[in-house]
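> all I have is the shape, not the residue letters:
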Ligand code: PA5
């Protein structure tokens, strides 16, 4: 199981940081278990790893093989929770350079998460000459960014392969019954996977939304679910030794001390997109009612040379949560010739993993001395099993943490504000009132 270490945050925490929150955590846990808290209808993810439908798993693996056999490229279209989990896991378990390194599996590109015409054109041009398939992911089936991208990539598929041929290359992951994407998929006869109604976007990494692209990349998604299932069994047990309880309590207590910003820090480029997934998870779950820890992420050691100064000496409202693996998958021995002018004699015989670990330890000491509390979460190895544990750990801790703060961790009402204005500006039917309001303010 994952190890959580609060030692380097203790100097900043009151003695009762955990004991004073045990009642709140018990209540939060019971709300998650019973599904009767705020947004309780969206707690289907709590039990998902144990209940994953094995026929769905077989279909996922079968579909992945079809996509592999017919595609040089898989284009994954989705935004927010409908792509961040897949991207985070792909980069964590393969590499941020997956598309350069993959030899036997299709390249995977994520789009539908931007409205940039340049980014869209770049990818359309790239796949024009390739054999490609599309996995369009949208739980609601109505989100503008993926809908627009799907329109463009579907047109390209139909141009290249005809309407029939395109049908065999489109895989839609969406709600079982509702939304425009479901209606279109039914009408056109696309292969589909469902995102359960009871699982919101940012908690959907372990559904087909996250798993299909990973299976296409050849990753062992069953192992990922077993890791998540192990975490689920451990973390649903109540008690102060529960690492998710400790994490939720520690960040809640640090926030109460004025530590308003949490930096998810890592020492592995493979975890960079994991930081993006985590930011959405906590940002959308807790940033509401004028409250919430602001989630940010940094990748060390590179960001020690960009953000390090601020972290060490800037406004003292930060704390860090480091995610690390006990064992990297590779070793890299440093063997400078004595006196070769490199100035690195002191590293002779040392492995780069040791150097990276000393960088982490040195950074903790510096940051704690500078007033930045440090939480540490340690996983075993960078494998699907441990990735499943990490995903479940943060989802569960986020649910607990939201309820501990008295929030609904499963809605995101604020996300609508930009859409209302954008639709009014674009003249979308149904938004005439807002368009008039903008006109009255001279904002059109
Ligand atoms: O967490 C969420 O619910 C959101 O980030 C959604 O995932 C995002 O807005 C995309 O929505 P949809 O999957 O309906 O297109």
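Yep, that arrived. All values reported here derive from a predicted model rather than from experimental measurement.
> which residue packs closest to residue 339, ignoring adjacent ones?
residue 345 (7.2 Å; CB to CB, 6 or more residues apart in numbering). All C-beta atoms are positioned from the backbone trio N, CA, C, and that covers glycine.
> the one you found against residue 336, yeah?
Yes. Shown here, residue 345 and residue 336 form a contact pair, counting by CB atoms under 8 Å, at 6.1 Å.
> count of residues packed around residue 142?
Other residues lying near residue 142 total 15 when counted by other CB atoms under 10 Å.
> swap that for residue 149, please
27.
> returning to that earlier point: higher neighbour count, residue 345 and residue 336?
residue 336 (15 against 12).
> list the contacts for that one?
342, 344, 345, 347, 348 (CB atoms under 8 Å, 6 or more residues apart in numbering).
> circling back: so the residue nearest to residue 339 versus residue 352, what's the distance?
In this view, residue 345 and residue 352 are 16 Å apart by CB to CB, to the nearest Å.
> residue 443: what secondary structure?
coil (DSSP: H, G, I helix; E, B strand; the rest coil).
> closest residue of the stretch 51-200 of the chain to the ligand?
At 2.5 Å from the ligand, residue 80 is the closest residue in the stretch 51-200 of the chain, using CB to the nearest ligand atom.
> how many other residues sit next to the spatially closest residue to that residue that is not a sequence neighbour?
Distance criterion CB to CB, 6+ apart; nearest residue to residue 80, sequence neighbours excluded, is residue 201 at 5.3 Å. Using other CB under 10 Å, residue 201 has 28 other residues around it.
> contact partners for residue 201?
Residue 201 neighbours (CB under 8 Å, 6+ apart): 80, 81, 82, 139, 195, 209.
> likewise for residue 198?
41, 42, 43, 44, 45.
> of those, buried ones?
The neighbour count (16 or more other CB atoms under 10 Å) marks 42, 43, 44, 45 as buried among the contacts of residue 198.
> and which of those is nearest residue 378?
Of all these, residue 45 has the smallest distance to residue 378: 23.4 Å, by CB to CB.
> was I right about the closest one contacting residue 195?
No. Using CB under 8 Å, residue 45 makes no contact with residue 195, being 10.6 Å away.
> report the set of residues contacting both of those two.
residue 204.
> quick one: low-confidence parts of this protein?
By pLDDT under 70, the chain has no low-scoring segment.
> list the contacts for the closest residue to the ligand within the stretch 251-400 of the chain?
Among the residues of the stretch 251-400 of the chain, residue 284 lies closest to the ligand, at 5.5 Å counting by CB to the nearest ligand atom. Neighbouring residues of residue 284 by CB under 8 Å, 6+ apart: 80, 202, 412, 415.
> give me that answer again for 7 Å
Counting by CB atoms under 7 Å, 6 or more residues apart in numbering, residue 284 makes contact with 202, 412.
> do the one 10 residues further on as well
For residue 294, the contacting residues are 260, 261, taking CB under 7 Å, 6+ apart as the criterion.
> quickly list what it is bridged to.
Going by DSSP bridges, residue 294 is paired in beta bridges with residue 261.
> how about residue 96: what's its closest non-neighbour residue?
residue 269 (5.5 Å).
> what's the burial count for that neighbour?
14.
> cool, residue 247 as well?
Neighbours of residue 247 using other CB under 10 Å come to 23.
> which bits of the stretch 151-300 of the chain sit near the ligand?
Listed as neighbours of the ligand in the stretch 151-300 of the chain under the rule CB under 6 Å from any ligand atom: 200, 201, 202, 284.
> over to the second one: give its phi and psi.
Right, the one you point to is residue 201. Note on residue 201: its backbone torsions stand at phi -50, psi -50 [degrees, to the nearest 10].
> likewise for the third one?
Here is the backbone geometry of residue 202 (degrees, to the nearest 10): phi -70, psi -10.
> buried residues, the lengthiest helix in the chain. List them.
Of all the elements of type helix in the chain, the one with the most residues (DSSP state H) is helix 144-167. Judged by neighbour count (16+ other CB under 10 Å), helix 144-167 contains these buried residues: 145-150, 152-154, 156-158, 160-161, 166-167.
> nearest to residue 178 among the residues you listed?
Using CB to CB, the buried residues of helix 144-167 come closest to residue 178 at residue 147, 14.5 Å.
> how much space between that closest one and residue 79?
10 Å.
> for residue 52, same thing?
Taken as CB to CB, the span from residue 52 to residue 79 is 24 Å.
> these two - which one has more neighbours?
More neighbours surround residue 79 than the other of residue 52 and residue 79, with 22 against 19 (other CB under 10 Å).
> what residues are up against residue 77?
Per CB under 7 Å, 6+ apart, neighbours of residue 77: 111, 112, 134, 136, 137, 146, 149, 150, 153.
> same thing but 10 Å
Counting by CB atoms under 10 Å, 6 or more residues apart in numbering, residue 77 touches 83, 109-113, 134-138, 145-154, 170, 172-173, 181.
> ok, residue 49 touching residue 223?
No. Here residue 49 lies out of contact with residue 223, judged by CB atoms under 10 Å, at a distance of 11.6 Å.
> overlap of the contact sets of the two?
Taking CB under 10 Å, 6+ apart as the criterion, residue 49 and residue 223 both touch residue 388.
> ok, these two, which is more surrounded?
Neighbour count, other CB under 10 Å: between residue 49 and residue 223, residue 49 has more, with 22 against 16.
> so what's the more buried one up against?
Taking CB under 10 Å, 6+ apart, one finds 206, 224-233, 388-389, 391-392 in contact with residue 49.
> one more: residue 429?
Residue 429 neighbours (CB under 10 Å, 6+ apart): residue 423.
> thanks a lot, see you next time.
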